[in-house]
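Peer 1: Take a look and give me a structure for this.
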Amino acid sequence: MNNDGIVVKYENLEYKEAIMHAYHVLSLYGRTKKHLQKLFPDPNDSEIEWLRLRTKVHEMIIAQHLRFTLVVLQQAEAADTAPEPIGRGVEEAANGAKEEEKPVAAT
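Peer 2: Coordinates of the predicted model:
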């Protein structure tokens, strides 16, 4: 789609659905960009390269470049086939730190 919300190309969904996604995606992208500019006043720090949204059923990837916005809507992978996260999670790190701090009982 172009940045005015006009759908240029779409596959595997109805035109009305493509228009609906275009409207919501541009709205989300605009609001996200606005809030990032508030959080990070430096323009280099507040640029968005792409957004990735994932639910249990679908995954949406959004990338904007010059006059066009690319939106990819696909079925999300099953939880058991999803890639492992890189590094330890917050809970794992917190639990690991607690285990390391436990005193060893003298015998």
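Peer 1: any idea how far residue 35 lies from residue 23?
Peer 2: From residue 35 over to residue 23 the distance is 19 Å, taken as C-beta to C-beta, to the nearest Å. Placement of C-beta: from N, CA and C, glycine included.
Peer 1: Quick check: which element contains the residue nearest the centre of the chain?
Peer 2: Compute the mean C-alpha point of the chain, and by C-alpha atoms, centre = their mean the closest residue is residue 52, 2.4 Å away. Residue 52 is part of strand 50-54, with elements assigned from DSSP states H and E.
Peer 1: hang on, the earlier thing: bridging residues for the residue nearest to the centre of the chain?
Peer 2: Partner residues in beta bridges with residue 52: residue 61, with DSSP bridges as the criterion.
Peer 1: if I pick it, what's in contact with it?
Peer 2: Taking C-beta atoms under 8 Å, 6 or more residues apart in numbering as the criterion, residue 52 is in contact with 59-62.
Peer 1: out of those, which are buried?
Peer 2: A residue is treated as buried here by neighbour count (16 or more other C-beta atoms under 10 Å); on that basis the buried members of the contacts of residue 52 are 60, 62.
Peer 1: among the contacts of residue 52, which two are most distant?
Peer 2: By the measure C-beta to C-beta, 59 and 62 form the most distant pair in the contacts of residue 52, at 10.9 Å.
Peer 1: Mind listing the shared neighbours of the two?
Peer 2: Residues touching both residue 59 and residue 62 by C-beta under 8 Å, 6+ apart: 52-53.
Peer 1: I figured residue 46 was touching residue 35, is that so?
Peer 2: No - shown here, residue 46 and residue 35 do not form a contact pair, counting by C-beta atoms under 8 Å, at 9.1 Å.
Peer 1: Looking at these two, which is more packed in?
Peer 2: Here residue 46 and residue 35 are set side by side on neighbour count (other C-beta atoms under 10 Å), and the busier one is residue 46, at 16 against 11.
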